[in-house]
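A.B. asks: Quick one, structure for this:
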Amino acid sequence: MRDKGNLTPVNSMDLPFQDERQGKSHTVNIAKENIWGDSTDSLYIPQSPTPHESFISDYLDPEITFVTAYFKLGRFQKGNTGDIHFDLNTYVTWMNEFANFNNNVIAFTDLPEIQQQLLALRSHLPKDRTQIHIVNQKDTWAFSLAPKIKEIFADEDYPKHHPNTVLEGYPCAMHVKYELIEKVIRQRMHRTKYLAWIDIGYFREKNQNIFHLKIPVDFQNDHIAFLQMGKFEPGHTASTIIRDNIFWVAGGMFVARPEYLIVFVEDYKRTVEDLLGRGLMSTDQQVIYIMYTKSEEARPRIPIQTYSASCKCDWFYLAKLCRLTWERFHKLKQSTFMEIYHRNML
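C.D. replies: Numbers count the residues shown, from 1 in each chain. Below is the predicted model:
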């Protein structure tokens, strides 16, 4: 029986491959099993998720539109060792891989040079594949939280995890993901059945060829898919999750149908505001853990479907799985075409 709250691919098994355009089912080999041993007594699993009726996507193109962003934060320390720092050049280097990324992309930035670089990188792709919008940080809900977050971080007894609980702009940049996803949905900026967030620095391996990401074959349409990178432990509260900087899922990529994703975003923003009122704040990875622990009262309405590499160590596995799904689908289409071609030649 499928575990709706925690579906983590690990050991290989055959699953049906649904070609939504043709209405045909095929079989591919995808891994699935819970390898984390999560505390199901502590993990809140919403039942019977209800979509937002204004944004039903049943008849849209069964592809994924990806939303991404870069906002200027300056140079900052990553991790507590003090020997790793990220800056604009770091992200500009990683961003180059968007040149070969052949999904629809909607990007937001406060830097015109980032807008121009992304347009140049993707100029060889169909024009409708790319939208890039200039957004001022001051005009966003997420960055308007910065003064209050700075005040919280200024407490000398507040836990220090670079940059999560040190640089006030960093959690703002994490929270703005969900605000921008909401903007894309409400303004109907996408034309696809699935909508995803992907970090601007997600693709860190060089890709020589054009690639595409397709929804995993076992994705549950009333869930939101994340990559799991930590065990869901019992007994944690908002304070201990932030104090110990623990996480359950990775925030670098997530995907869902818009009618469910917008409900998740509403719950996420409500949780952020609640934490702020309690003098607590960190990144989206901690906020999501807090949302789904029974130790808190968030009670989100959309269940999370988790994926994981067997090594439990690959922070970029979800995109790799989506790429593998596309490659198998593409190969299947090619073989079907050749079969029909040869049959007609006889």
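A.B. asks: Which stretches in the stretch 201-346 of the chain count as helices?
C.D. replies: With DSSP state H, counting those that start in this stretch as the criterion, the stretch 201-346 of the chain has helices at 238-243, 258-277, 284-292, 317-345.
A.B. asks: ok, and for the first one, which residues are buried?
C.D. replies: If I follow you right, that is helix 238-243. For helix 238-243, a neighbour-count test (16 or more other CB atoms under 10 Å) marks 238, 241-243 as buried. Where you see a C-beta, it was placed from the backbone N, CA and C, and this is true even at glycine.
A.B. asks: Reformat those as CSV; add distance to T65 and pLDDT.
C.D. replies: Below are those laid out as CSV (distance: CB to CB, whole Å; pLDDT from 0 to 100):
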residue, distance to T65, pLDDT
A238, 32, 98
I241, 31, 98
I242, 32, 98
R243, 37, 97
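A.B. asks: ok, and what's touching stretch 52-61?
C.D. replies: With CB atoms under 8 Å, 6 or more residues apart in numbering as the contact definition, stretch 52-61 has outside contacts at 185, 191-194, 257-260, 262-263.
A.B. asks: Can I get those residues in a markdown table including distance to H330?
C.D. replies: Shown next, in a markdown table, are the contacts of stretch 52-61 (distance: CB to CB, whole Å):
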| residue | distance to H330 |
| --- | --- |
| I185 | 28 |
| R191 | 21 |
| T192 | 17 |
| K193 | 18 |
| Y194 | 17 |
| R257 | 23 |
| P258 | 25 |
| E259 | 28 |
| Y260 | 27 |
| I262 | 30 |
| V263 | 32 |
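A.B. asks: Just the buried residues of these.
C.D. replies: 185, 192-194, 257-260, 262-263.
A.B. asks: nearest spatial neighbour of Y202, skipping sequence neighbours?
C.D. replies: Once flanking residues are discounted, Y202 sits nearest to G252: 5.4 Å by CB to CB, 6 or more residues apart in numbering.
A.B. asks: Tell me how far the one you found lies from K214.
C.D. replies: G252 is 18 Å from K214, where distance means CB to CB, to the nearest Å.
A.B. asks: now do D222
C.D. replies: Distance from D222 to K214, by CB to CB: 19 Å.
A.B. asks: And these two? Which one has more around it.
C.D. replies: Counting neighbours by other CB atoms under 10 Å for D222 and for K214 shows that K214 has the greater number, 21 against 17.
A.B. asks: Identify the residues contacting the more buried one.
C.D. replies: K214 neighbours (CB under 8 Å, 6+ apart): 63-64, 322-323, 325-326, 329.
A.B. asks: Name the member of the residues you listed with the most neighbours.
C.D. replies: C322 (26 neighbours).
A.B. asks: That residue is in contact with L213, isn't it?
C.D. replies: Yes: here C322 reaches L213: they are 3.8 Å apart, a contact under CB atoms under 8 Å.
A.B. asks: which residues are in contact with both of those two?
C.D. replies: Contacts common to C322 and L213, judged by CB under 8 Å, 6+ apart, are I64.
A.B. asks: ok, the residue nearest to Y202 touching Q285?
C.D. replies: No: taking CB under 8 Å as the definition, G252 is not a contact partner of Q285, at 9.3 Å.
A.B. asks: For the stretch 51-200 of the chain, just list every one of the strands.
C.D. replies: 61-70, 76-77, 85-86, 104-109, 130-134, 192-198 (DSSP state E, counting those that start in this stretch).
A.B. asks: could I get the ones you listed as a markdown table with distance to Q228 and mean pLDDT?
C.D. replies: Formatted as a markdown table, those follow (distance: least, CB to CB, whole Å; pLDDT from 0 to 100):
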| stretch | distance to Q228 | mean pLDDT |
| --- | --- | --- |
| strand 61-70 | 20 | 98 |
| strand 76-77 | 26 | 94 |
| strand 85-86 | 24 | 96 |
| strand 104-109 | 25 | 98 |
| strand 130-134 | 30 | 97 |
| strand 192-198 | 16 | 98 |
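A.B. asks: export the buried residues of helix 238-243 to a markdown table and tack on distance to E273?
C.D. replies: Below are the buried residues of helix 238-243 laid out as a markdown table (distance: CB to CB, whole Å):
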| residue | distance to E273 |
| --- | --- |
| A238 | 13 |
| I241 | 17 |
| I242 | 16 |
| R243 | 20 |
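A.B. asks: Tell me the one of the residues you listed nearest G169?
C.D. replies: I242 (17.3 Å; CB to CB).
A.B. asks: How about the closest one: what's its closest non-neighbour residue?
C.D. replies: Among residues not flanking I242 along the chain, S282 sits closest, at 4.6 Å (CB to CB, 6+ apart).
A.B. asks: Could you pull up the contacting residues of that neighbour?
C.D. replies: 161, 164-165, 171, 241-242, 245.
A.B. asks: Just flag the most distant two among the contacts of stretch 52-61.
C.D. replies: Greatest spatial distance among these (CB to CB): R191 and V263, at 20.6 Å.
A.B. asks: How far off centre is stretch 237-254?
C.D. replies: Between the centre of stretch 237-254 and the centre of its chain there are 14 Å (CA atoms, centre = their mean, to the nearest Å).
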